[in-house]
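Asks: Sequence and predicted model, in that order:
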Amino acid sequence: MTDYTYTIETRISKRENKEIYEYFEKYFEEYNKILRYAWKIMINDEKKSINKLNQEIQRKYGILKRTANSITRTLKGRMESLKELKNYELQQYNIKILSLENDIEKLKNTLDIQKKKAEENKMTVRELEKYRNLKRKIYYKRQKLNKVKMRKENLEKNINEKIYKLGFGGKNFFKKQYNLEKNGYKTHEKWYNEYKRKRDSSISYIGSKDEKACNQMFQLEKNEEKYNIKVRKDGKQLKENIEEKYVFGKCEFKYKDNEIEEELKEKRHALTYRIVRRKKGLYLQVILTKKIEADKLRTSRESGCIGLDYNVGFIAVSETDKKGNLVKQKKYKLRYHGTGNKAKNEIREKIKRILEDALEKGKSIVIEDLNFKKVKAGMFKGKNKKYNKMLHQFDYGRYKETIENSGKREYVEIIKVNPYNTSKIAKEKYCKRKINIHQGAAYVIARKGQGYKDSIKKTA
């Protein structure tokens, strides 16, 4: 049994919720000002307990204990994430250093072989040019190695001294002020106003399952097709009108509405809400937690499996029966790649169709458990442009995360298998049947998920 946390989002209609919009338009700046102050205290005085920090910001800003608790818990989560990120960056630097040292060692060995020939003046003009280029290459590799080592030392120093920087509003957006015209701003004031809106654009309400409706400050109540919103005021706006403690509104969820309703009835977990401001208006995010139990899964590997081989531009799919025989093949084309919304939405749409197929047949999905940390750090990076382009376009992390999260939401079993030799096994054993290499690899992946062991012939 495992706990799974996921987010459901809806847009709050401005036409139906003028009171909600008016309240949050004023409260965003106040809440985020307190958030930044609490972060400053947290990073400068790490020994200070969360309870003492709560009390300090309550006294300084006159906010409720529950609001202070939401702020400090939000920041504690950010701090933990930042620590993990810095440790990950440190690992990446270690991999890069090892990679560069290996490259330099190989180049030096080649240079030593050529050095004798150069000293004896036995080189042709072309060979001499290559020899000089090799020396330049080693020089630039050493320069790069020194830079990476310096960055690693600075990072280690920051980690040891517990220096963690967090840019509210985003570093890239902050840098736009240094080139206003290029970024479409006539004055610094216009940039600053937009930066402030971006920086102060979210408010979290962390709940508890012991509280009414699992959250004291923000509550939802089902009313026919829609939900009634009830928000407890805080800060300056509560002091200005102490008699009106709440603001009210309405919203509806077109996706997973039944799960929100069920959680409000059962009250098994705390409910956390987040209000996010974007260009099109206010959005409400509901963060739910549910337990994934083996007996609740709607698919099984005993019925057969659906193996997926993810590639740049497409996903190859092979389906097996309960005996591991190939029964069906399919290919889902992917037109987009990178970090844009088109690529993200396309992967989601294709995975949704794969999951629907898996649920219809009651078959588990099998994927490769790939790890590109070392590859992307440069340890095993290809030397040609074509390979590097492929690596850049390979959105495997997002694909893997999407399919795992979707599987948990729909109770579809997602099996991860070792990717070792899948293509080689497919080429040797199954591609002779007029199956292409990618469909063959997907077939091998599906069989691995069922527990079948395929192997390649050992050469003498």
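Replies: Great, that's in hand. What you see is a predicted model; the values in this text were computed from it and never measured.
Asks: any chance you could map the strands in the chain?
Replies: For the chain, the strands defined by DSSP state E cover 2-12, 202-205, 218-223, 226-232, 246-251, 272-278, 281-292, 300-311, 314-320, 326-333, 363-368, 414-417.
Asks: got a list of contacts for the first one?
Replies: When contacts are defined by Cβ atoms under 8 Å, 6 or more residues apart in numbering, strand 2-12 is touched by residues 20-21, 229, 249, 251-256, 259-260, 280-292, 405, 408-409. Any C-beta I mention is one placed from the backbone N, CA and C, and that applies to glycine too.
Asks: list the buried ones in that strand?
Replies: Neighbour-count burial for strand 2-12, with 16 or more other Cβ atoms under 10 Å as criterion, is recorded at 8, 10, 12.
Asks: what would those residues look like in TSV with pLDDT and distance to residue 52?
Replies: Shown next, in TSV, are those (pLDDT from 0 to 100; distance: Cβ to Cβ, whole Å):
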residue	pLDDT	distance to residue 52
8	91	35
10	95	37
12	96	35
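Asks: neighbours around the residue lying closest to residue 289 once chain neighbours are set aside, how many?
Replies: In this structure, residue 289 finds its nearest non-sequential neighbour in residue 269, 4.4 Å apart by Cβ to Cβ, 6 or more residues apart in numbering. Residues within reach of residue 269, counting by other Cβ atoms under 10 Å, total 18.
Asks: could I get the strands of the chain as CSV with distance to residue 344?
Replies: As requested, the strands of the chain are exported to CSV (distance: least, Cβ to Cβ, whole Å):
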stretch, distance to residue 344
strand 2-12, 14
strand 202-205, 20
strand 218-223, 27
strand 226-232, 27
strand 246-251, 24
strand 272-278, 16
strand 281-292, 17
strand 300-311, 15
strand 314-320, 15
strand 326-333, 15
strand 363-368, 18
strand 414-417, 19
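Asks: show me the contacts for residue 54.
Replies: Applying Cβ under 8 Å, 6+ apart to residue 54 gives the contacts 65, 68, 69, 72.
Asks: burial count for the last one?
Replies: In other words, residue 72. Residue 72 has 22 nearby residues by other Cβ under 10 Å.
Asks: Now do the same for the residue nearest to it when sequence neighbours are not counted: its pLDDT.
Replies: Of all residues not flanking residue 72 in the chain, residue 50 sits nearest, at 5.1 Å (Cβ to Cβ, 6+ apart). At residue 50, the pLDDT value in this model is 89.
Asks: give the contact list for residue 50.
Replies: Counting by Cβ under 8 Å, 6+ apart, the residues that residue 50 touches are 72, 73, 76.
Asks: Distance of the last one relative to residue 70?
Replies: The reference is to residue 76. Distance of residue 76 to residue 70, computed by Cβ to Cβ, to the nearest Å: 11 Å.
Asks: Kindly report the same for residue 3.
Replies: Applying Cβ to Cβ, the value for residue 3 to residue 70 is 20 Å.
Asks: swap in residue 149?
Replies: With Cβ to Cβ as the criterion, residue 149 and residue 70 are 42 Å apart.
Asks: Who has more neighbours out of the two?
Replies: More crowded of residue 149 and residue 70, by other Cβ under 10 Å: residue 70, with 28 against 14.
Asks: Ramachandran coordinates for the residue nearest to the more buried one when sequence neighbours are not counted?
Replies: With Cβ to Cβ, 6+ apart as the criterion, residue 70 has its nearest non-adjacent residue at 4.3 Å, and that residue is residue 206. Residue 206 adopts backbone torsions of phi -90, psi 130, taken as degrees, to the nearest 10.
Asks: Residue 206 touches residue 69, doesn't it?
Replies: Yes. Using Cβ atoms under 8 Å, residue 206 is in contact with residue 69, at 6.8 Å.
Asks: which one of these two has more residues nearby?
Replies: A count of neighbours by other Cβ under 10 Å puts residue 206 above the other of residue 206 and residue 69, at 23 against 18.
Asks: And that one, how close does it get to residue 287?
Replies: Distance of residue 206 to residue 287, computed by Cβ to Cβ: 9 Å.
Asks: Find residues that contact each of these two.
Replies: With contacts defined as Cβ under 8 Å, 6+ apart, the residues shared by residue 206 and residue 287 are residue 272.
Asks: So for the longest helix seen in the chain, mean pLDDT?
Replies: Ranked by residue count under DSSP state H, the longest helix found in the chain is helix 65-119. Average pLDDT, helix 65-119: 91.
Asks: related to what we said a few turns ago, quick one: which of the strands of the chain is nearest residue 395?
Replies: Closest to residue 395 of the strands of the chain, according to Cβ to Cβ: strand 300-311, at 8.7 Å.
Asks: Does that closest one pack against any helices or strands, and if so which?
Replies: Contacting strand 300-311 under the criterion 3 or more Cβ pairs under 8 Å, 6 or more residues apart in numbering; DSSP states H and E are the following elements: strand 314-320, helix 341-361, strand 363-368, helix 396-410, helix 437-450.
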